[in-house]
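[1] Turn this into a model:
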Amino acid sequence: MSDGNREQQAEALIAKMKAARGYMYPEWEFAARQDPEFVAAYNRLYELSLGEGQHVSAKVREFVAIALLGLAIWYLIRGRISAGLLSAAFGVLVFVWYAVTEDVPRQFIFITPYVATLLVLAVASQRLRPPAADGLPYRRGQQTS
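    Here you go, the predicted structure:
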């Protein structure tokens, strides 16, 4: 492949990836200019992994709503009223969203793992306590009470 053809192919690929994603990291632009065939193959696999990146299927949204409502019932049975009500509220919200929308914006697909991680850390960190011996000097063989 000639250098002129490679540059043309790289520029077309960069424009396509920027249009699809809304952004492109400089590292990928560099890689596309060095080896456009590799980046084109990677981009195709990336698009396939998103299910063509258009939407989350209705079955997945319905499953999430049912899972959240099931979690709410489990919390309520165990006596954790606030957690159960919060889970029920999220479940109802997801179910209403499922009933009203036809597809999910791509940005929500990308941010979901981060939001879930932040929620788990926020809930889990409420029960964390520092060690009892925090701040005390450690001396080998010496017992601290």
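
[2] tally of neighbours for residue 74?
    Counted with other C-beta atoms under 10 Å, the neighbours of residue 74 add up to 13. In short, each C-beta sits where N, CA and C put it, glycine included.

[3] domains of the protein?
    The chain resolves into domains spanning 3-49, 58-125 when parsed by automatic domain parsing.

[4] Please, where are all the helices along the protein?
    Using DSSP state H, the helices found in the chain span residues 3-21, 26-34, 36-49, 58-77, 81-100, 106-124.

[5] any chance of those in JSON lines, plus mean pLDDT and distance to residue 141?
    Written out in JSON lines, the entries for those read as follows (pLDDT from 0 to 100; distance: least, C-beta to C-beta, whole Å):
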{"stretch": "helix 3-21", "mean pLDDT": "85", "distance to residue 141": "59"}
{"stretch": "helix 26-34", "mean pLDDT": "86", "distance to residue 141": "53"}
{"stretch": "helix 36-49", "mean pLDDT": "79", "distance to residue 141": "55"}
{"stretch": "helix 58-77", "mean pLDDT": "71", "distance to residue 141": "46"}
{"stretch": "helix 81-100", "mean pLDDT": "74", "distance to residue 141": "45"}
{"stretch": "helix 106-124", "mean pLDDT": "78", "distance to residue 141": "35"}
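
[6] To residue 142, which of those lies closest?
    Proximity of the helices of the chain to residue 142 was assessed by C-beta to C-beta; the nearest stretch is helix 106-124, lying at 33.0 Å.
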